[in-house]
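Q: here is my input; please provide its structure:
(one chain, ligands or ions: 1)
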Amino acid sequence: MSEVLIGEWQALHDETPLPVRERLAAFIESRAGELAEYFYSQMLTDPATGFYLSHKQVEDRLKPSMALWLRRIFDASPDTDIEALFALQRHVGEVHARIGVPVEFVARGARRLVNRIIVEYGDVLTERAEWAEAARFVSDSIGIPLEVMASAYTGSYRSRCPLR
Ligand code: HEM
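A: Next up, the predicted model:
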(Lines give C-alpha, C1' and ligand atoms only; values in the text may rest on other atoms or scores of the structure.)
Protein backbone atom coordinates (compact mmCIF):
# COMPACT_ATOMS: atom_id res chain seq x y z
CA MET A 1 0.00 0.00 0.00
CA SER A 2 2.65 2.49 0.96
CA GLU A 3 4.54 2.09 -2.35
CA VAL A 4 1.37 2.70 -4.38
CA LEU A 5 0.35 5.77 -2.43
CA ILE A 6 3.86 7.21 -2.20
CA GLY A 7 4.13 6.72 -5.97
CA GLU A 8 0.81 8.48 -6.59
CA TRP A 9 1.74 11.31 -4.27
CA GLN A 10 5.12 11.76 -5.95
CA ALA A 11 3.44 11.70 -9.38
CA LEU A 12 0.96 14.33 -8.24
CA HIS A 13 3.86 16.61 -7.30
CA ASP A 14 5.81 15.84 -10.47
CA GLU A 15 2.81 16.39 -12.76
CA THR A 16 1.65 19.65 -11.17
CA PRO A 17 3.65 22.63 -12.48
CA LEU A 18 5.74 24.22 -9.73
CA PRO A 19 4.20 27.71 -10.20
CA VAL A 20 0.73 26.19 -9.64
CA ARG A 21 1.94 24.59 -6.42
CA GLU A 22 3.74 27.75 -5.32
CA ARG A 23 0.68 29.97 -5.77
CA LEU A 24 -1.47 27.47 -3.92
CA ALA A 25 1.11 27.15 -1.12
CA ALA A 26 1.14 30.95 -0.70
CA PHE A 27 -2.66 30.93 -0.45
CA ILE A 28 -2.60 28.12 2.15
CA GLU A 29 0.14 29.91 4.08
CA SER A 30 -2.03 33.02 4.30
CA ARG A 31 -5.22 31.12 5.19
CA ALA A 32 -4.01 28.17 7.31
CA GLY A 33 -5.18 29.74 10.58
CA GLU A 34 -8.63 30.55 9.21
CA LEU A 35 -9.00 27.08 7.69
CA ALA A 36 -8.14 25.50 11.04
CA GLU A 37 -10.61 27.83 12.73
CA TYR A 38 -13.32 26.82 10.23
CA PHE A 39 -12.51 23.11 10.65
CA TYR A 40 -12.75 23.00 14.42
CA SER A 41 -15.70 25.39 14.71
CA GLN A 42 -17.63 22.95 12.49
CA MET A 43 -16.48 20.00 14.59
CA LEU A 44 -17.39 21.73 17.86
CA THR A 45 -20.85 22.76 16.62
CA ASP A 46 -21.95 19.18 15.95
CA PRO A 47 -22.41 17.31 19.26
CA ALA A 48 -21.32 14.02 17.64
CA THR A 49 -17.87 15.38 16.76
CA GLY A 50 -17.72 17.91 19.59
CA PHE A 51 -17.82 14.94 21.96
CA TYR A 52 -14.14 14.30 21.16
CA LEU A 53 -13.02 17.89 21.64
CA SER A 54 -12.70 20.57 24.29
CA HIS A 55 -12.55 24.30 23.51
CA LYS A 56 -9.33 24.69 25.45
CA GLN A 57 -7.63 21.81 23.65
CA VAL A 58 -8.78 23.20 20.29
CA GLU A 59 -7.45 26.69 21.04
CA ASP A 60 -4.21 25.59 22.69
CA ARG A 61 -3.12 22.74 20.44
CA LEU A 62 -5.45 21.54 17.72
CA LYS A 63 -5.79 24.69 15.64
CA PRO A 64 -2.01 25.22 15.49
CA SER A 65 -1.53 21.49 14.69
CA MET A 66 -4.07 21.66 11.87
CA ALA A 67 -2.54 24.86 10.44
CA LEU A 68 0.92 23.27 10.48
CA TRP A 69 -0.45 20.09 8.86
CA LEU A 70 -1.94 22.16 6.03
CA ARG A 71 1.30 24.05 5.47
CA ARG A 72 3.24 20.81 5.28
CA ILE A 73 0.81 19.12 2.90
CA PHE A 74 0.88 22.07 0.51
CA ASP A 75 4.54 22.98 0.93
CA ALA A 76 5.83 23.73 -2.57
CA SER A 77 9.55 23.06 -2.10
CA PRO A 78 10.78 21.37 -5.28
CA ASP A 79 12.37 18.62 -3.19
CA THR A 80 9.41 17.78 -0.92
CA ASP A 81 10.15 14.59 1.04
CA ILE A 82 7.09 12.49 0.23
CA GLU A 83 8.18 9.59 2.46
CA ALA A 84 8.39 11.95 5.44
CA LEU A 85 4.96 13.39 4.61
CA PHE A 86 3.62 9.85 4.36
CA ALA A 87 5.07 8.93 7.78
CA LEU A 88 3.43 12.03 9.25
CA GLN A 89 0.01 10.86 8.01
CA ARG A 90 0.51 7.47 9.61
CA HIS A 91 1.37 9.16 12.88
CA VAL A 92 -1.67 11.47 12.71
CA GLY A 93 -3.92 8.51 11.84
CA GLU A 94 -2.56 6.52 14.77
CA VAL A 95 -3.21 9.46 17.13
CA HIS A 96 -6.88 9.63 16.05
CA ALA A 97 -7.33 5.87 16.11
CA ARG A 98 -5.84 5.69 19.60
CA ILE A 99 -8.23 8.27 21.04
CA GLY A 100 -11.17 6.66 19.23
CA VAL A 101 -12.24 9.45 16.82
CA PRO A 102 -14.38 7.54 14.27
CA VAL A 103 -12.66 7.46 10.91
CA GLU A 104 -15.80 8.73 9.16
CA PHE A 105 -15.46 11.98 11.14
CA VAL A 106 -11.90 12.34 9.94
CA ALA A 107 -13.16 11.74 6.38
CA ARG A 108 -15.90 14.34 6.88
CA GLY A 109 -13.36 16.88 8.05
CA ALA A 110 -11.13 16.13 5.08
CA ARG A 111 -14.05 16.52 2.65
CA ARG A 112 -15.00 19.88 4.13
CA LEU A 113 -11.42 21.12 3.97
CA VAL A 114 -11.17 20.15 0.29
CA ASN A 115 -14.41 21.96 -0.52
CA ARG A 116 -13.49 25.05 1.44
CA ILE A 117 -10.03 25.37 -0.06
CA ILE A 118 -11.24 24.81 -3.64
CA VAL A 119 -14.07 27.34 -3.31
CA GLU A 120 -11.97 30.00 -1.55
CA TYR A 121 -9.03 29.54 -3.89
CA GLY A 122 -11.37 29.79 -6.87
CA ASP A 123 -12.51 33.18 -5.57
CA VAL A 124 -8.98 34.62 -5.56
CA LEU A 125 -7.30 32.74 -8.39
CA THR A 126 -6.46 35.14 -11.19
CA GLU A 127 -4.94 32.48 -13.46
CA ARG A 128 -8.22 30.83 -14.48
CA ALA A 129 -6.40 28.41 -16.78
CA GLU A 130 -4.82 26.63 -13.81
CA TRP A 131 -8.09 26.08 -11.96
CA ALA A 132 -8.45 22.38 -12.87
CA GLU A 133 -4.82 21.56 -11.99
CA ALA A 134 -5.07 23.37 -8.68
CA ALA A 135 -8.38 21.68 -7.80
CA ARG A 136 -6.96 18.23 -8.58
CA PHE A 137 -3.89 19.03 -6.49
CA VAL A 138 -6.03 20.10 -3.52
CA SER A 139 -8.31 17.06 -3.80
CA ASP A 140 -5.47 14.50 -3.94
CA SER A 141 -3.24 16.33 -1.46
CA ILE A 142 -5.89 15.79 1.19
CA GLY A 143 -7.36 12.54 -0.23
CA ILE A 144 -4.06 10.66 -0.11
CA PRO A 145 -3.36 11.58 3.54
CA LEU A 146 -6.92 10.54 4.36
CA GLU A 147 -6.26 7.08 2.90
CA VAL A 148 -3.06 6.79 4.93
CA MET A 149 -4.82 7.91 8.11
CA ALA A 150 -7.64 5.43 7.52
CA SER A 151 -5.12 2.60 7.17
CA ALA A 152 -3.85 3.36 10.66
CA TYR A 153 -7.24 2.32 12.05
CA THR A 154 -6.83 -1.21 10.78
CA GLY A 155 -3.05 -1.40 10.82
CA SER A 156 -3.40 -2.57 7.23
CA TYR A 157 -0.15 -0.90 6.18
CA ARG A 158 1.61 -3.34 8.48
CA SER A 159 0.05 -6.25 6.60
CA ARG A 160 2.38 -8.60 4.78
CA CYS A 161 -0.06 -8.89 1.90
CA PRO A 162 2.06 -8.31 -1.24
CA LEU A 163 -0.83 -6.52 -2.94
CA ARG A 164 -0.80 -3.62 -0.47
C1 HEM B 1 -8.70 15.82 8.00
C2 HEM B 1 -8.99 15.55 9.26
C3 HEM B 1 -8.04 15.80 10.41
C4 HEM B 1 -6.73 16.21 10.42
C5 HEM B 1 -5.84 16.53 9.22
C6 HEM B 1 -6.31 16.30 11.80
C7 HEM B 1 -5.05 16.69 12.20
C8 HEM B 1 -4.58 16.54 13.47
C9 HEM B 1 -3.19 16.70 13.87
C10 HEM B 1 -2.05 17.12 12.94
C11 HEM B 1 -3.11 16.43 15.20
C12 HEM B 1 -1.84 16.45 16.08
C13 HEM B 1 -1.26 15.04 16.11
C14 HEM B 1 -0.05 14.95 17.02
O15 HEM B 1 -0.23 14.87 18.24
O16 HEM B 1 1.07 14.93 16.52
C17 HEM B 1 -4.45 16.11 15.64
C18 HEM B 1 -4.79 15.77 16.94
C19 HEM B 1 -6.08 15.62 17.38
N20 HEM B 1 -7.22 15.62 16.61
FE21 HEM B 1 -7.31 15.79 14.61
N22 HEM B 1 -7.37 15.97 12.60
C23 HEM B 1 -8.44 15.66 11.80
C24 HEM B 1 -9.70 15.30 12.23
C25 HEM B 1 -10.12 15.28 13.54
C26 HEM B 1 -11.46 15.09 13.98
C27 HEM B 1 -12.66 14.87 13.05
C28 HEM B 1 -11.45 15.14 15.35
C29 HEM B 1 -12.58 15.00 16.34
C30 HEM B 1 -13.83 15.17 16.06
C31 HEM B 1 -10.08 15.35 15.75
C32 HEM B 1 -9.64 15.44 17.05
C33 HEM B 1 -8.31 15.47 17.43
C34 HEM B 1 -7.85 15.38 18.81
C35 HEM B 1 -8.75 15.22 20.04
C36 HEM B 1 -6.45 15.44 18.78
C37 HEM B 1 -5.50 15.45 19.99
C38 HEM B 1 -5.02 14.07 20.27
C39 HEM B 1 -4.10 14.06 21.48
O40 HEM B 1 -3.12 14.78 21.50
O41 HEM B 1 -4.41 13.31 22.39
N42 HEM B 1 -9.30 15.44 14.63
N43 HEM B 1 -5.30 16.19 14.60
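Q: every contact and neighbour count from this point should use C-alpha atoms.
A: Noted.
Q: and residue 75, what does it touch?
A: Residue 75 makes contact with 21-22, 25, according to C-alpha atoms under 8 Å, 6 or more residues apart in numbering.
Q: and if we set it to 10 Å?
A: For residue 75, the contacting residues are 21-22, 24-26, 28-29, 69, by C-alpha atoms under 10 Å, 6 or more residues apart in numbering.
Q: now these: which count as buried?
A: Buried members of those, scored by 16 or more other C-alpha atoms under 10 Å, are 21-22, 24-25, 28-29, 69.
Q: same for the ligand: which of the residues you listed are within range?
A: Among the buried ones among the contacts of residue 75, the residues that sit close to the ligand (C-alpha under 6 Å from any ligand atom) are residue 69.
Q: after the strand or helix carrying residue 120, which helix or strand is next?
A: Here residue 120 sits within helix 103-124, counting by DSSP states H and E. Note on helix 103-124: by DSSP H and E, the next helix or strand toward the C-terminus is helix 131-154.
Q: quick one: buried residues of the longest helix belonging to the chain?
A: Looking across the chain with DSSP state H, the single longest helix is helix 18-45. When neighbours are counted by 16+ other C-alpha under 10 Å, the buried residues of helix 18-45 are found to be 20-25, 27-29, 31-33, 35-37, 39-40, 43-44.
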